[in-house]
Structures are given as C-alpha cells and as structure tokens.
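S.K.: curious how this folds, go ahead:
(chains A, B and C)
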Amino acid sequence: MQSPIELEISRRNLIVSSAAAVAVTGVAGKAAAQPAGRAMNLTTKLSFTVNGERRELDVDNRTTLLDALREHLHLTGTKKGCDHGQCGACTVMVDGRRVNSCLSLAVMHDGDQVTTIEGLGEPGNLHPMQAAFVKHDGFQCGYCTPGQICSSIAVIEEIKANIPSHVTGDLTAQAQMTAHEVRERMSGNICRCGAYSNILDAISEVAGIKA
Amino acid sequence: MRAFTYERASSVEAAAQAAAGNREAKFIAGGTNLLDLMKLEIETPTHLIDVNGLGLDTIEATPDGGLRIGAMVRNTDLASHEVVRRDYGLLSRALLAGASGQLRNKATTSGNLLQRTRCPYFYDTNQPCNKRTPGSGCSAIGGYSRQNAVVGVSDACIATHPSDMAIAMRALDAVVETVKPDGSKRAIPMADFHRLPGDTPHIETVLEQGEFITAVVLPAPIGGKQIYRKVRDRASYAFALISVGAIIQPDGTGRVAVGGVAHKPWRVEAAEAELPKGARATASILLADARPTEQNRFKVDLVERALGAAIAEAKG
Amino acid sequence: MQFDTPATTNPIDQLKVVGKPIPRIDGQLKTTGRAMYAYEWHDPKLSYAYGYPVGASIAKGRINSMDVSAAKKAPGVIAVVTAPEIGDRKKGKFNTVKLFGGDEVQHYHQAIALVVAETFEQARSAAALIKVSYTEEKGVFDLKEAMKTAVKPDEKQEPDTKAGDFQAAFASAPVTMEETYTTPDQSHAMMEPHASIAAWNGDAVSVWTSSQMIDWWRGDLATFLDVDKEKIHLMSPFIGGGFGGKLFLRVDAVLAVLGAQAAKRPVKVTLPRPLIMNNTTHRPATIQRIRIGAEENGKITAIAHESWSGDQPEGQPETAVNQTRLLYAGANRMTAMRLATLHLPEGNAMRAPGEAPGLMALEIAIDEMAEKLGLDPVEFRIINDTQVDPEKPERPFSHRDLIGCLKLGAEKFGWTGRGKPGARREGNWLIGTGVGAAFRNNMLLPSGARVRLGNDGVVTVETDMTDIGTGSYTIIAQTAAEMMGLGVDKVAVHLGDSRFPVSAGSGGQFGANCSTAGVYAACVKLREAVAQKLGFNSADVAFEDGQVRSGNRSVPLSEAAGSEGLVGEDTIEWGDLDKTHQQSTFGAHFVEVGVDVATGETRIRRMLAVCAAGRILNPITARSQVIGAMTMGAGGALTEELAVDTRRGFFVNHDLAGYEVPVHADIPHQEVIFMDETDPMSSPMKAKGIGELGLCGVSAAIANAIYNATGVRVREYPITLDKLIGGLPDVA
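M.R.: Numbers count the residues shown, from 1 in each chain, chains lettered A, B, ... in the order given. As a prediction, the model looks like this:
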C-alpha cells in the first residue's frame, strides 16, 4: 500500500502555514510545577528506556505511562481506549511484563525498560506476531491491535514461564499452550470489531498450537 | 486528577511517617485501582508515597509452616508461587479469576485488599453516594443494584467488596500485618480487617491513618479440596456476580467464604458447621439475614447453587 | 455513471484481483502502530493544546449559571468554552439532539463546557473545578411506562403496514403464537473514543477526526459554525471502530473547533470513556409483540410485528419491524411502530439498526412457532420462504437464497439429530443448539471517486470513503487493480478526506458495494481517457498485467499516462433497480451453547454463519466482518445492556467494565461460509452488503440454543443467568 504517510506530509505542510500565526505559549509539563506545602514538586524528572532508546522526561506527576508515550514521546502506537484499565488497548511491556500503561504513572517507571508496539517491528520488517496478525486478519479497525499484539507475545512467554491461568487444570503441573489457555489469558484485551477467532489463529500459528 | 507531589519512600517506617502527618497522602503500589479513581477525582490525594521500592515483594515460609506474603508481591507472582499453587490452591485460583493478566502483573497483595467498590454510583461523581460523599445518600438503593450486596447491608450502602483474592484470604484465615506511624506493629485477622458499611460506608477497613500493610500471613496449610467458583456474566475480565471460595475436607467438613454479596468477604462460621449437610443447609445460614433488592435477589439462590456445585466438585 | 440496468459482463468479472483473499493493504500500518488515528496527528512545529469536556450532571433541565472562575485560574488553562456562552446554534441535518450550546440540558452527560489547557492533565483537573447550577426538570425515562403514551411516528418511517387481513387470518388460524420480547439499550462501544483535533487557519479550519461519513459531518459542522462547507477540511483516514456511533457529527469535533477558536491554537479533544455512553448515541431499547398464525402444515397465514421504542423529541423509532415485512411468506400481515418520548440520550443507528433488534425477537418467535407446529425450525423457515415481496407479490427479490443458507448450514453444522429442550447434558453443562435466519437490506447510496494514473504506472484512488475496519482500503485497491489490469501493489488508496470526491461512506452495510462501484465508475472514465490518449478504440481495449492492449498493439500503462498523468472521476448513481426489485442479503446462523447446570452461565461452544450476499469482494475482510458481527451478537444475546436509572434518567453502567462486551474467552472458533453468487441488480460489482448481515439473527440463534439446552425460554435480552436459574435442575 502506498501509505497515508504521504498524505500526512502534505497535510503537515498545510498545517504549518496555520501555525505561523500562532504564538507558542508554554511548555507541556512545566506549567503545573508549583511549589507544594512540602518541598516537593508537582513534576518529576525521569529517565527510562523505550524500545531500546534512553529517554529523559520531566513530567507532571499525573502523567500516565500511556500519555508519556503518546503525548510526550509521540509513540502513538499504544492506544488509549478507556484510560481506566477496562480494555487493554494500552498494553505495553515493562521490564518484560505486560501492563496497562494507562494505570501506571510515568514517574513510577524511572529506570525501567519499556517496549511498545513500535519496538517490535515496522512496516517491511514485521515481528512474527505482527505478520501472523496480518496473515490471519486478526484485527479490523486496528485500534486494539497494538495492545493485542503486545499481549499475545507476553501470553506465550507467560505460559512458557509456567504462570497459571483461571482455566489451568492442574495448578501443580506445567501450564499448557492451548487455545483455551490463550483465550482466557487474552481476555484483558477487548476487540469490539470481534476479531477474536482470527487473533487466536494468529497466536496459535506463532505458538505452534494445533487447531 | 488533582495535582499531587510524589515521593519514593525509603523505608516502611518513612512511608508510614510520611502518611501520618498528612491526611491527603496516599500510598501507591500497583496503582491499578487508585489511579483509576484519581482520574475520576473519587480519590484526591495531594501527595503520593510510592511504596514499590521497599523490598516487600518476597514470599517466605513462616516458622509455623505458613507463608508470609510481602505486601508488594504482585498478584501474578503470588498466584504462580509453587507453594501457593500446591498448598493454597484457593488463593491461586481466586487471584487468577480476577482482572486480567496485565492488571495482575501490577496489582499487589495489599492493594488488592484495599480495592474500593465497583458500584457504578460510587464511580459516578454526579450521583449521591454515601461511600464517596458521606451523607449524600445511596443511589444504588432503589436504583440499578444488580451487582450490589445482599447481606450485611445498611440503609446507607449496599456496595460490595470486589476482591477475589480477599475471599481466599478470608477462608484461609490470613492475617494482615501492619506498621503504624509510631512504629508499632499489629496483626489483623482477615475476619476483622474489612468493615460492614453501617452508617459509615466510607470507612472500609480498620486501618488507621498512615497505617501501612507490610505483609499478609497465611497459617499452615489445611489441605482439603480448594475450589474457587466465580460466577459472572462474561467468561473472563469481569467482577463477580457472586463467588464461592470453599475448602472441603474428605469428611465433608470445611470452610466457605463468599464474594460479591457483601461489603467484605462473607464468612459465617456457624454456617460452615452445616457443610456436611450440603449447600442448602449451609447457604440458608450463611445468607439468613440477606436483604436483597428486586434486582439482586437471584444472588441468594446463586450462592446456594454455586456452593452446591463446589461441594459436588470436591466430592469428585 | 447511472446504474439503471442489471450489470452484464464487465472487467470485474475477470476476478484476477477482486474476490481474492488479499490481506489488508493497511495491515502493516495497523499492526506496527503506524496507522494514525484522529488524536494522534502531530506536527512538531505546532503547539497543541488539550481540551477536556464537561458533561451535564442532570438528565433534563436548564443551566442557571456556571462558575468557571476556578477553572480559568487553574494552572495551564488557556480557555474555557461554555454552552451558555456559545448560545443556541443551528443543528445539522443528522443529529436529533443538539451537540453543544445554549442553557438547555436535554440528556445526561450532554456536553456543557470544554476546558483548554497546555496539557491533558491540566485540562482534566481544571474541568472538575467548574461549578454548575441547574434547574432540574422532570423527564420520562422508562420505556415500559412511556409505551402507554407512544404515538405513531412520522409517515416517512412507514409506521403502519398491512397486506390482506391479519386479524381475520390470525383468528382463524389453527396454530397461533403471541409473545412479547424486549431488547435493551445497547452501546456501540467502539475501541477508539470519539476524538478530534482542530486547527484554524484564518477563516478555514482543518479537523482530524474519527468519522464514518465525511461529507455528512462536514455539512453539519458547517451548519453548526454557520460557515461555508468549503471552509472545513475534514480528515479521517483511520477510524478505530464506529458501528454507527460515528455516522453523525459528534461533539468532540465541535468542541475541538470551538476550543481552537478560543485558544487560538490547535486543540485536541477526546471524549473520556465514562462520558461516551451517555453523551453519544445508542441503539434504543424495544418492546416487541409478535403474533403468528399458521396452517397445521406450517404455512404462515398471518404474521404481525409491532414495536415500541423511545427517543428524544423529534427522534426516530428503532425500526425493529422492518425485516418482518420481507423475511417470510404469509398473505395476511401487518407491522406497526410506535414511538414514545424519552429523555434518555439520543437513540440512533447502531450496526443493523432495525433488523438487529427486530430479528432478536422475530427469530425467537419463529423458533417458538416451529415448536408449536412440531416442525424443525430449519424446515419451518424453508416452508415459509418467499421469492417475492410479500406485501407486493409483483415485486421479486433480486436474488434470494435463504433456503440455500439454511440447508448448507444445517449440513455443515450437523443440525440433524438435535434433541428436545433440556435433553443433552455433558457433565455440568446443558448443551443446546439453535438456528436463526439472517436478513438485512441492501442499500444504495451514490458514491464518487477519483483515480489518477501516474507516469510511474501507479494508480491512486481518492475518495472520501472511510475504512472503519471494514476493509475499504483493500477492496478499493482490488477494484482499481482489476479495472486497470494491475496488482494491488500498484494501487495507492487515499481515503477519508473531504478534498476527495464524496462517497457513500461507511454505514448500513452499503459501504463496500457502493464505494467500490464508485471506484469502478471512475476507473471506467480513466480507461476511456487512456484509450483516447493512445488512440485506441475503447470498446475493444484490454487492461492486463500493467499493459493496455488493443488488437495487436500493447502499451505499458505508465507510458500511457504521459508525464502529466491521467485522471478519471465519476460517481455511481442508482436507477430504480432497488424499487423494481427487493435487494436484500440473507444468511443462517447456527450456534451451540453450554449452560452451566448450577449457575446458568452460558458459554458459546460453536458458531457457524452461512451468508448469501452477492459477490464477496475479499473473502478475508468479508469473513472478518461476519465473525465480528457474530461476536457483537453474542454480546447482545448474553451480556450487553445499558442499565437505565429510571429515577435519574441515565445509563448507569457507562464504561467498559460496567457494559460488558464479549472478551476472548467468550468466543469460540467461528466458521463462515459464503454462498457463491452474484447479484447483477445490485451494482457493477454484483456485490451486496455483508457488514451487518452477520449480526442479524445471531442473538436469536443463541437464545434458541439456550432454550434447547435448558428448556427455559427467555424473551428479555440479554439472557443473563438470573433469568435462567429459576428453571434449571436442582443441584443443592
């Protein structure tokens, strides 16, 4: 596909002309910094690694990891679906574990390693899970997709690491790589387009689960 | 979300002290419920004390054969722990029935106990709610109450405690260990930890200002078939309509705690004496004082049926 | 291009590209997080400000005053826009309820203010500081009560239809059934919240938004702003789901535009998830009464379907009786719709409006009638098939293969040997199977496109068509590729931009057929331009493998383009083939469920849909539309209900934790079979809609399977366990 990115560029030009008339006021994050009763700030500096790259930010303490990624680092592949931990669209990996980035403060991730969808692969060089999602059409609108893919990769690792799930039969035995297990473990990622059956096919291919 | 200052606590004592002098301070651990509520300004701390770096993330054997679970042990790690899986299956099952993989990776043991209700009126700041705004009234009474409590309720509040984990902790006779700002420690049995709503539904536990949970201790394992039966509309990623945590011994005796029905994990020792007679006898005592609404009357039957299924499963 | 005679053989029939299972051409962008949704457009040279909306805290009344002083003084706040200040504005064509402006509150969470600040955190925090004084008014919120005062809606809606004499035929029928069914209010709950960025440039404004219908939004936004439509540039290249919730201009776009005006900066606005379900539209609840009379042999002689629904003043009924006018034979029939005034949020289109809730009721009723007659429900449906419009027997269906769907589905599913209700048990599970017919009309809207052939041999399609997950990018690329003799890798597709020709847009399952037909028309123009440029006779010119051939001459397409390139632009317009013929799509859903004998929890074990919807343009994306719809239908059957607080007048469970849509664990492997067919009456593509058909009838198939499993007939959706456990075997 000749991507809409070309369009993005032409639109950018269009917008730039309008920006010339606008005075830039304020810098994100700083405006909230007012001294509290205690000698502490409402903003905090942090340094973390995102997709292998060291990033420094000075953020409003209220900034979630999700908004730090999307609004500060412009890594908008991680999606805001509900902002309340009810949909999973914001799933990223922190120090190798999947979490909802909407329910975590950026300031609590100083020193952490964060991997987002952008860190897994890119057009022309897809991660095997991304390729499997394309092949099996494991998405429609695409909005939950980055979260689904991050979760999918984590789920395979979690099963291998013998982390049990709600549907694990014998808690004392090694967790099994089955469709039933994958469905349960993926349930924190809602897809309203209803691509679940195809997502399972994509994960099954990567995980080696027989249909 | 109101603006807040943020500090990383350097020790348990420092954390408790930082909170002691500031009623507007809150501890933050996993943040999976607190941040949710802060975004809606249901919780409005002006200072957050990050307690994640205190090393309270280990699970250790106790001298009397039990387990001490650090307050910051993540739900995933607790559910996956070898000894928990083998000897406290109910706890592992309850944890795994809750939330999602992502949330369990963040949510902590103490945070789970301190979860606030999921009553939709509590979550909507436009609506009266005695728990959120004492004295404003209860919207759930006479309103949408399908999910709400049926037992231990008051005229002020019919909210439930949403935790799955707490049901297992209650059935296992866990004890919550805390440190107060003055450095004193106490051990609070799960039976006493959560309160019924009464006239003060905004006070949910017996913790004092600044009192900090350091661990939850499980007594030595008691064996038995351990079953956590969570009943919900969708198959996963949903709060319980009701849940039954049961430990059934080979002779038919046992313990049962029920979730989704009350402001705290619901366990009635007198009811447990009836377990050998079956679910109906047990449930009739367990929920003898039930005061359901029209919309949640079904929970009374559902507890009996789910308990019946659990007993049948235990008998294999 | 005027499409007024049935399609004959055309280049699409080559099926070298169209009809092939080509993976989505936007798939790599979506799976790598590079597809840019509305809120994500970012120009580093711009200084964006953040807008956070405030919703009314009452359901009905007036704003006496708003105290915004604290919000204005809050850190980082640039501007506060309030509804009373903005005043009453003209409402666009497509909204029932105003989006913003004035002091009247018409429903809960109606937007009343926007706070614009330097950061999202500051805007959200300041928004909570606004204090509002209201005079609350009494409203009507309970459909069961309001149905007593419901009235006949606008005649445009055809509220009353009849043929023959229903009353007499029903009275004399040897076998009859009469039941009342209810469907609840449902929410679209698309994953991407409504979101917009607006940037003014002088008196013109650019808006990045999440819209299914670019031109409708643009027109209504122009009306609201009282500016010329040409001053608005609307862009929506990726949409994170819509399902009807983004058909009509929403307040995020309005607020972004007003906020940007006030802040003199580009402003981005997203609706917070807890605001969406009451602020935006929803599928209205219905109460439906169905009566069927039949001969002993199963022939329906009388059928009546009445539906009551509610909406805001000047609103519309949920057209739940529509399918009953067309789905089954029967000489004596009537339908009626009555509309009550409710002051709940605006009811409006959600995926398969009318048919989705209508079939939730009708297809249970058919199951009940089959049981009364002692007939297999598949057989009963086959007996009552019709190949003509039952109200106007002179008017045939363009193509109708419901019987084929039912028969093939029954065979593939293993329908025979289905037991009596409550007869099959596996361990703790009561097992049952159910069937439901699927039916959805095929609608035709004009659709335009521009195709440009570059000297690199690449064909670029531009249309304001949207891809809401439906696969528009891909099927449009396939259409242009087929027409121009290329592979999809030589086609670029640009969608969702108001600078492009106006398309059908995405809705009513008309998008795929109409928008590709528009691209077809534009390609016909381009082919003519190419032929003319080369001096070929356009009647015998062939476009193959990147070459243009005529007789023994062959020229590469890139060469034909010349340095300037060539352009073809056209709009497909429709004659009266949809009047002379009834154009509809058909299907059959087969479902197996297990119901926990103790708790009444229903879990779906198997799902199969067989669909007859004309030519399938891309079996991958079409299948995804169907399984997605089946999933939504599973939610509708089992969990989805906006709970109404009839005292306070709002939907209580207004987030994704309270409103339960299906999760992975709810959905089994799903099978979809497409009947191999074309419908030349429908368009040059010979395709019809598929995006909504998959939702139609599936909830009833699940309901019927639950009945077959348990013997408990539930007529009030959703079929939650509390409605079942009273009828389940004793387990204690």
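
S.K.: what is the neighbour count of whatever residue of chain A ends up closest to chain B?
M.R.: Scanning chain A for proximity to chain B using CB to the nearest CB identifies A:G188 as nearest, at 2.3 Å. Glycine gets a C-beta too; all of them are placed from N, C-alpha and C. By the other CB atoms under 10 Å in any protein chain shown criterion, the neighbourhood of A:G188 contains 27 residues.

S.K.: same thing with B:A149?
M.R.: When counting by other CB under 10 Å, one arrives at 30 neighbours for B:A149.

S.K.: so where's the chain shaky on pLDDT?
M.R.: Answering for chain A, as no chain was given. A:1-39, A:211 (pLDDT under 70).

S.K.: hm, I was asking about chain C
M.R.: Applying pLDDT under 70 to chain C flags residues C:732.

S.K.: okay, now the domains of it?
M.R.: Following automatic domain parsing, one finds the domains of chain C at C:2-35+C:444-576, C:354-442+C:583-731.

S.K.: can you tell me which of those domains is most buried?
M.R.: domain C:354-442+C:583-731 (a mean of 23; mean count of other CB atoms under 10 Å in any protein chain shown).

S.K.: what about that one, start to end distance?
M.R.: 40 Å (CA to CA, to the nearest Å).

S.K.: check whether it contacts chain B.
M.R.: Yes. Using CB under 8 Å from any CB of the partner chain, domain C:354-442+C:583-731 reaches chain B at C:428, C:596, C:598-601, C:603, C:638-639, C:643-645, C:647-648, C:652-655, C:657-658, C:660, C:662-666, C:718, C:720-722, C:725-726, C:728, C:731.

S.K.: from the middle of its chain, how far away would that domain be?
M.R.: Relative to the centre of its chain, domain C:354-442+C:583-731 is centred 17 Å away, using CA atoms, centre = their mean, to the nearest Å.

S.K.: re the thing from before, make TSV out of the domains of chain C and add distance to chain A.
M.R.: Below are the domains of chain C laid out as TSV (distance: least, CB to the nearest CB, whole Å):
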stretch	distance to chain A
domain C:2-35+C:444-576	2
domain C:354-442+C:583-731	3
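
S.K.: I'd like those domains laid out as JSON lines, including distance to C:K152.
M.R.: Shown next, in JSON lines, are the domains of chain C (distance: least, CB to CB, whole Å):
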{"stretch": "domain C:2-35+C:444-576", "distance to C:K152": "24"}
{"stretch": "domain C:354-442+C:583-731", "distance to C:K152": "17"}
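
S.K.: closest one to C:A146 among the ones you listed?
M.R.: Nearest to C:A146 among the domains of chain C is domain C:354-442+C:583-731 (10.0 Å), distances taken as CB to CB.

S.K.: all strands of the stretch 601-732 of chain C, in order?
M.R.: For the stretch 601-732 of chain C, applying DSSP state E, counting those that start in this stretch gives strands covering C:602-612, C:644-645, C:650-651, C:670-674.

S.K.: was I right about B:V244 contacting B:A306?
M.R.: Yes. Counting by CB atoms under 8 Å, B:V244 does reach B:A306; the two are 4.7 Å apart.

S.K.: so for those two, which residues contact both of them?
M.R.: Jointly contacting B:V244 and B:A306 under the rule CB atoms under 8 Å, 6 or more residues apart in numbering or on different chains are B:229, B:231.

S.K.: write out the residues of the stretch 201-316 of chain B neighbouring chain C.
M.R.: Selection of the stretch 201-316 of chain B residues close to chain C by CB under 8 Å from any CB yields B:229, B:231-239, B:241, B:278-280, B:283, B:298, B:301-302, B:304-309, B:312.

S.K.: before we move on, what SS does C:P274 have?
M.R.: Under DSSP: H, G, I helix; E, B strand; the rest coil, the three-state class of C:P274 is helix.

S.K.: that one is in contact with B:D124, isn't it?
M.R.: Yes. Using CB under 8 Å, C:P274 is in contact with B:D124, at 7.5 Å.

S.K.: between those two, which contacts overlap?
M.R.: The contact sets of C:P274 and B:D124 overlap at C:H654 (CB under 8 Å, 6+ apart).

S.K.: C:V388 bridge partners, please.
M.R.: Taking DSSP bridges, one obtains C:P396 as the residues bridged to C:V388.

S.K.: pretty sure it contacts C:R400?
M.R.: No. Applying CB under 8 Å as the test, C:V388 and C:R400 come out as separate, 9.2 Å apart.

S.K.: now for C:G101, how many residues are close by?
M.R.: Neighbourhood size, C:G101 [other CB under 10 Å]: 22.

S.K.: in which helix or strand does it reside?
M.R.: C:G101 belongs to no helix or strand when assigned by DSSP states H and E.

S.K.: residues contacting it?
M.R.: Residues in contact with C:G101 (CB under 8 Å, 6+ apart) are C:83, C:86-89.

S.K.: how near is it to chain B?
M.R.: Here C:G101 is placed at a distance of 21 Å from chain B (CB to the nearest CB, to the nearest Å).

S.K.: again with C:G164
M.R.: Using CB to the nearest CB, one obtains 43 Å as the distance from C:G164 to chain B.

S.K.: how many neighbours does C:M177 have?
M.R.: Other residues close to C:M177 by other CB under 10 Å number 18.

S.K.: with B:P189 instead?
M.R.: Per other CB under 10 Å, the neighbour tally for B:P189 reads 11.

S.K.: that one and B:V175 touch, don't they?
M.R.: Yes. Contact criterion CB under 8 Å: B:P189 and B:V175 qualify, at 5.4 Å.

S.K.: nearest spatial neighbour of C:F543, skipping sequence neighbours?
M.R.: Leaving aside its sequence neighbours, C:F543 sits nearest to C:G485 (CB to CB, 6 or more residues apart in numbering or on different chains; 3.3 Å).

S.K.: these two touch, right, B:I49 and B:V12?
M.R.: No. Look at B:I49 against B:V12 with CB under 8 Å: they stay out of range, at 10.9 Å.

S.K.: neighbour count for those two, which is higher?
M.R.: Taking neighbours as other CB under 10 Å, B:I49 and B:V12 compare with B:I49 leading, 24 against 20.

S.K.: any of the residues of the stretch 201-316 of chain B next to chain C buried? List them.
M.R.: B:229, B:231-239, B:241, B:278-279, B:283, B:298, B:301-302, B:304-309, B:312 (16 or more other CB atoms under 10 Å in any protein chain shown).

S.K.: strands - which of these land there?
M.R.: Under the assignment DSSP state E, these contribute B:229, B:231 to strands.

S.K.: let me see the contact set for the residue lying closest to C:G347 once chain neighbours are set aside.
M.R.: Leaving aside its chain neighbours, C:G347 sits nearest to C:P284 (3.2 Å; criterion: CB to CB, 6+ apart). Residues near C:P284 by CB under 8 Å, 6+ apart: C:185, C:309-311, C:317-318, C:347.
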